[in-house]
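Engineer: Give me a 3D structure for the following:
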Amino acid sequence: MGNQHLLVGLFAAAVILAILGHTIVTGEVYTANDLDAFHLPTRVFYARCLAEGHSFLWFPYEYTGVYLHGEGQAGLYHPLNWLPYRLLPLDTAFNLELLRSYAFALPGFYFL
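Structural biologist: Residues are numbered from 1 along each chain as shown. This next block holds a predicted model:
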């Protein structure tokens, strides 16, 4: 009986991830609340700096400038952020970053 519940849970999680991940196929991005106001503009800046070889540590477009590396949520030097923004289009990298949080949360919920 336990394996059946696990399979149902995995199927439900896969369906939810597929629904959330439809934006990867359509080329859209989620823009609700702080995603549009802060995260997407910083990721545009980050991807542009990576492509042009500039430093991405200081984000001059928010307030009078923000030390983006010290902000903490961006994870600028983490390989799971650096590689997609360096190699993929911005919309795909942004969507993968959002979906990755949910995909990694699933095993955490299971073991909790």
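
Engineer: Find the residue closest to the residue positioned nearest the centre of the chain in space, skipping its chain neighbours.
Structural biologist: Against the mean C-alpha coordinate of the chain, by Cα atoms, centre = their mean, the closest residue is residue 97 at 1.9 Å. Take residue 97 and drop its neighbours on the chain: the residue closest to it by Cβ to Cβ, 6 or more residues apart in numbering is residue 81, 6.4 Å away. Using the backbone N, CA and C atoms, a C-beta is placed for each residue, glycine as well.

Engineer: I'd guessed the one you found sits against residue 74; true?
Structural biologist: Yes. In terms of Cβ atoms under 8 Å, residue 81 counts as a neighbour of residue 74; the distance is 7.2 Å.

Engineer: Tell me how far residue 22 lies from residue 28.
Structural biologist: Look at residue 22 and residue 28: by Cβ to Cβ, to the nearest Å, they are 8 Å apart.

Engineer: cool, and residue 88?
Structural biologist: 15 Å.

Engineer: neighbour count winner among these two?
Structural biologist: Ranked by neighbour count (other Cβ atoms under 10 Å), residue 88 and residue 28 place residue 88 first, with 15 against 11.

Engineer: got the contact list for that one?
Structural biologist: residue 96 (Cβ atoms under 8 Å, 6 or more residues apart in numbering).

Engineer: Could you do residue 84 as well?
Structural biologist: 92, 93, 96, 97.

Engineer: Show me where the protein has its helices.
Structural biologist: 2-20, 22-26, 34, 40-52, 68-71, 79-87, 90-111 (DSSP state H).

Engineer: Of these, which is nearest residue 62?
Structural biologist: Residue 62 lies closest to helix 40-52 among the helices of the chain, at 7.6 Å (Cβ to Cβ).

Engineer: and that closest one, which residues are buried?
Structural biologist: 40, 42, 43, 45, 46, 47, 49, 50 (16 or more other Cβ atoms under 10 Å).
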